[in-house]
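Chemist: next come a sequence and a model predicted from it.
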Amino acid sequence: MGSACLTGAPAAAAPGPGDHPLGGCPPGVGPVPPPNGAPHGYLRLTDASNDQTGAVLFNQALPANEGLDVTFDQWQYGSTTPATPADGISFFLVNGDGDLTHPGAFGGSLGYAQKLPNDDPTAEFLPGVDRGYLGVGLDVLGNYFGDWEHRGNGCTTRSPAGTVFRVPAPGANMVTVRGPGDGTEGYCFLTATTSNFTTTGPWPSTLPGKLQGPLTALPPGATPAQAEAALEPSRRRVHVELTPAPNPVLTVSVDFNEEVLQRGGIQRSEANLTASRVPDGPAVPLYRLRSSARAGSWWP
């Protein structure tokens, strides 16, 4: 969907909006891996252009009573607004009783939740993903944490950041989890990697590293192998585990691909987030899953 493409495939024209088969990538803005890069290829959800959106779906139902255990590597790096890189990546599940045909709203909603753009009452209220069940946001900018733009519309429990517009974004460099929703209702805030769950900010992230990697440029004419080596410090390994229904427990782990000196010696820099139990919603016998990204524009 959108700008999603494969750098390992031969170069191709921009796929355009909407759904399309995964193919090769066009030239991109920012430090993007070169095309035709197999076996050093990547799934490129967006480049560094403003207002890019991309998503990939797995439209095959998975039995909820068997749980889910998924590990993937993600790279968020480079920006045309380096002081406030935007936006982030989400990994989400929907009720598998129907087809997964499109994501939710992009921008701060990261392709999962709903969005009333800029809280403008004259704007179109964009729905979240159909029959959403659980949305994990790997949020560099931090708007997925807050309920501005009517995220969490209709929810009794609101984000600690409330519904107001905040600069800087309230949940920068956080993993934030949102729950079930459909259309313009729900997608309620569940938890996040912060030490402050009160309604008085700031809300500091407890992650021991940065979701945004350090890479800002590739050498001119970099080969696919050289690009892979340059990208390695920006790699973050994410592990999502959901225990079997009917009372699933979600755990999200992030390995920041670095070692830190701690008491007892050198250890990997990792973080874990556990939601003690996913809130009650419609009975979900099956899951379908999707990953999406948003390259935003943000001028405080």
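Modeler: Structure's in. What do you need?
Chemist: for the stretch 151-300 of the chain, give me the ranges with low pLDDT.
Modeler: Confidence mapping of the stretch 151-300 of the chain against pLDDT under 70 gives the ranges 259-269, 275-286, 289-300.
Chemist: how about the strands in it?
Modeler: In chain order, the stretch 151-300 of the chain shows strands spanning 174-178, 181-182, 185-186, 189-192, 235-242, 250-262, 265-275, 286-295, with DSSP state E, counting those that start in this stretch as the criterion.
Chemist: what does the third one contact?
Modeler: Surrounding strand 185-186, the residues in contact under the criterion CB atoms under 8 Å, 6 or more residues apart in numbering are Q114, G128, G132, G152, N153, G154, C155, G179, P180, G281. In this view, the C-beta of every residue, glycine as well, is placed from N, C-alpha and C.
Chemist: would you mind measuring from the second one to A4?
Modeler: Spelled out, that is G128. Separation of G128 from A4 (CB to CB, to the nearest Å): 19 Å.
Chemist: who has more neighbours out of these two?
Modeler: Set side by side, G128 and A4 show unequal neighbour counts under other CB atoms under 10 Å, the larger going to G128 at 30 against 24.
Chemist: list the contacts for that one?
Modeler: Applying CB under 8 Å, 6+ apart, the residues contacting G128 are G104, A105, S109, Y112, A113, Q114, G181, D182, G183, T184, G186, Y187.
Chemist: burial count for the third one?
Modeler: Translated: S109. Using other CB under 10 Å, S109 has 30 other residues around it.
Chemist: so it touches R151, yeah?
Modeler: Yes - assessed by CB atoms under 8 Å, S109 is found in contact with R151 at 5.9 Å.
Chemist: and which of the contacts of strand 185-186 is nearest L250?
Modeler: G179 (9.9 Å; CB to CB).
Chemist: if I look at that closest one, how far off is G132?
Modeler: Note on G179: its distance to G132, by CB to CB, is 8 Å.
Chemist: and the closest residue to P39 other than its chain neighbours, its phi and psi?
Modeler: Setting aside the residues directly before and after it, P39 is nearest to G8 in space (CB to CB, 6 or more residues apart in numbering), at 7.1 Å. Backbone dihedrals for G8, given as degrees, to the nearest 10, come out at phi -80, psi -20.
Chemist: how much space between G8 and G41?
Modeler: In this view, G8 and G41 are 2 Å apart by CB to CB.
Chemist: now do the shared contacts for the two.
Modeler: Between them, G8 and G41 share the neighbouring residues P224, with contact defined by CB under 8 Å, 6+ apart.
Chemist: quick check: which element contains the closest residue to L218 other than its chain neighbours?
Modeler: Nearest residue to L218, sequence neighbours excluded (CB to CB, 6+ apart): P31, at 4.4 Å. Counting by DSSP states H and E, there is no helix or strand that carries P31.
Chemist: what is the neighbour count of P31?
Modeler: The number of residues packed near P31 is 19, by other CB under 10 Å.
Chemist: hang on, it packs against L215?
Modeler: Yes - here P31 lies in contact with L215, judged by CB under 8 Å, at a distance of 5.7 Å.
Chemist: overlap of the contact sets of those two?
Modeler: By the contact definition CB under 8 Å, 6+ apart, P31 and L215 are jointly contacted by Y77, G78, A230.
Chemist: of the residues you listed, closest to R236?
Modeler: For the shared contacts of P31 and L215, the minimum distance to R236 (CB to CB) is 10.0 Å, reached by Y77.
Chemist: re the thing from before, quick one: which of G179 and G132 has more around it?
Modeler: For G179 against G132, the residue with the higher neighbour count under other CB under 10 Å is G132, and the figures read 27 against 24.
Chemist: and the more buried one, what is it in contact with?
Modeler: The contact partners of G132, by CB under 8 Å, 6+ apart, come to 92-95, 104, 112-113, 178, 180-182, 186-187.
Chemist: can you rerun that using 7 Å?
Modeler: With contacts defined as CB atoms under 7 Å, 6 or more residues apart in numbering, G132 is in contact with F92, V94, G104, Y112, P180, G181, D182, Y187.
Chemist: grab the nearest non-local neighbour of the fourth one.
Modeler: Right, Y112. Counting by CB to CB, 6+ apart, G135 is the residue found nearest to Y112 once chain neighbours are left out, at 3.4 Å.
Chemist: in which helix or strand does the one you found reside?
Modeler: Going by DSSP H and E, G135 is in strand 132-139.
Chemist: thank you kindly, that will do.
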